[in-house]
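1. My questions are about this predicted structure, shown below with the sequence.
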Amino acid sequence: MTDLMEPTSPSGPPSDDPDAPRRSHVARNAALAVGVVLIALVALLATAKTNDERQPEARILGQAVPVVQGTTLDGGTYDIDQHLGKWVVVNFFASWCTPCRVEQPELVKFDQEHQKTGGVEIVSVVFQDKEADVKAFFDQSGATWPVLVGDTSSTALNFGVTAVPESYIVSPDGQVVAKFENVTAAELDSVIAQYATAAASASSSTTAAP
């Protein structure tokens, strides 16, 4: 059977070089190997995505918190800029989301603990849900923090949220410092404690410097 990848030998007198067939075979194999590598490289480049494309939320970690404002479930308004100076947990959720329902008691526990001490707040942002269903969900869970309703698609887009639940911790100086899925109260407290300790240490070092 003819090998279609092998070019037809040109007509002419046979070569006097006894090593010519072996060198031709080696050259052909080398060319094939290079071709395979090039094809694989082209395929990789065509399908590869940057880190930002794979994880859009990574773009805002360490950056200033995007706009979080709008009408709340109780008819009021919310603007995260008015809450800076405190730790804020921005939670994206939906009442139809089973992991969100599992997570909600942890958020309620976290909120109740910090209502006693202050300095930490939660704001939830509805993700593709109906206001009536959200109200029933919050009434059932006993949560009392602000909930942004209505058109919240731009807020989700700015955070890079494509599925729920997702929660972001915003430091008192307005930076997004962490992102969670299916978060617990202990995990939120741990991150806040770590950043608070690091900030205090950095402040002490700056003060002590001559």
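-> Good, I have the coordinates.

2. ok now do the residue lying closest to residue 151 once chain neighbours are set aside, which residues does it touch?
-> Spatial nearest neighbour of residue 151, excluding adjacent residues (C-beta to C-beta, 6 or more residues apart in numbering): residue 70 at 7.8 Å. To be clear about C-beta, it is placed using only N, CA and C from the backbone, and glycine gets the same treatment. Contact analysis of residue 70 by C-beta atoms under 8 Å, 6 or more residues apart in numbering lists 77-78, 148-152, 155.

3. Partner strands of the strand or helix carrying residue 70 and their direction?
-> Take DSSP states H and E as the rule and residue 70 turns out to sit in strand 69-71. With DSSP bridges as the test, strand 69-71 is paired with strand 77-79 (antiparallel).

4. Could you pull out the buried residues of the strand it pairs with?
-> residue 78 (16 or more other C-beta atoms under 10 Å).

5. Which residues does the helix or strand that that strand is followed by contact?
-> Note on strand 77-79: by DSSP H and E, the next helix or strand toward the C-terminus is strand 87-93. Defining contact as C-beta under 8 Å, 6+ apart, one finds that strand 87-93 is touched by 65, 68, 80, 100, 103-104, 107, 110, 119-127, 156, 159, 161, 164-172, 188, 192.

6. Tell me which of those residues fall in strands.
-> 120-126, 166-170 (DSSP state E).

7. biggest separation within the residues you listed, which pair?
-> Greatest spatial distance in these: 120 and 126, 21.4 Å, computed using C-beta to C-beta.

8. Which of the two has more residues huddled nearby?
-> The neighbour comparison of residue 120 against residue 126 (other C-beta atoms under 10 Å) goes to residue 126, with 25 against 19.

9. For the more buried one, name its beta-bridge partners.
-> residue 93.

10. Just list the residues touching it, thanks.
-> By C-beta under 8 Å, 6+ apart, residue 126 lies in contact with 93-94, 134, 147-150, 152.

11. pLDDT on stretch 103-122, on average?
-> For stretch 103-122, the mean per-residue pLDDT is 95.

12. hmm, I was thinking of stretch 183-191
-> 96.

13. Now tell me which helix or strand of the chain has the poorest mean pLDDT.
-> helix 51-54 (a mean of 36; mean pLDDT, DSSP states H and E).

14. wait, doesn't residue 192 sit right on residue 114?
-> No - the pair residue 192 and residue 114 fails to qualify as a contact (C-beta atoms under 8 Å) at a distance of 9.2 Å.

15. Check the contact lists of those two and give me the overlap.
-> residue 120.

16. Is residue 141 in contact with residue 108, as I believe?
-> Yes - Residue 141 lies in contact with residue 108 (C-beta under 8 Å); the separation is 5.9 Å.

17. okay, these two: which has more neighbours?
-> residue 108 (18 against 14).
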